[in-house]
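Trainee: Next comes the sequence, and after it the predicted model I'd like to discuss.
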Amino acid sequence: QVQLVESGGGSVQAGGSLRLSCAASRRTFNTYAMGWFRQGPGKEREFVGAITWTGVITYDVDAVKGRFTISRDNTKNTVYLQMNSLKPDDTAVYYCAAASTTSVVRTTPTYWGQGTQVTVSS
């Protein structure tokens, strides 16, 4: 079992930045692919991007390309989502997820975090 705990959410004005963190409870974290999802008000959950255990980012949603960056630090069992040039449309609950591969994490993640709220005001 892997527990994922997100942090770093909050309220920010448009154009601002936030960095979300997702800490994993398990030492074998570095064998998992990690992903980020978001769910805006009244919207379905949306896949944002994923990163392999070696640090290769394999997916990215067009709406966040060039503004969001996924990274991970296996020594800290943590994956990050750096969000720059935030827009009101980025307002959502952001979730991290884990699975054996990025393909699986994109479609049917094995583990989910509890989510962290990001609110972007205009």
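Mentor: Alright, I've got the coordinates. Residues are numbered from 1 along each chain as shown.

Trainee: The residue nearest the centre of the chain sits in which helix or strand?
Mentor: What sits nearest the mean C-alpha location of the chain, by C-alpha atoms, centre = their mean, is residue 36, with 2.7 Å. Here residue 36 sits within strand 33-39, counting by DSSP states H and E.

Trainee: in that strand, what counts as buried?
Mentor: 33, 34, 35, 36, 37, 38 (16 or more other C-beta atoms under 10 Å). In this view, the C-beta of every residue, glycine as well, is placed from N, C-alpha and C.

Trainee: And for stretch 72-91?
Mentor: Here stretch 72-91 shows 72, 74, 77, 78, 79, 80, 81, 83, 86, 90, 91 as buried, counting by 16+ other C-beta under 10 Å.

Trainee: Keep only those of those that are in helices.
Mentor: Among the buried residues of stretch 72-91, none falls in helices (DSSP state H).

Trainee: Just the strands from this structure, written as ranges.
Mentor: With DSSP state E as the definition, the chain shows strands at residue ranges 4-7, 10-13, 18-24, 33-39, 46-51, 57-60, 68-73, 78-83, 92-99, 111-112, 116-121.

Trainee: Tell me, how many residues neighbour the residue nearest to residue 11 when sequence neighbours are not counted?
Mentor: Among residues not flanking residue 11 along the chain, residue 119 sits closest, at 4.5 Å (C-beta to C-beta, 6 or more residues apart in numbering). Residues lying near residue 119 (other C-beta atoms under 10 Å) number 17.

Trainee: same check, this time on residue 103
Mentor: Residues near residue 103, counting by other C-beta under 10 Å: 13.

Trainee: give the contact list for it.
Mentor: Residue 103 makes no contacts at all, as judged by C-beta atoms under 8 Å, 6 or more residues apart in numbering.
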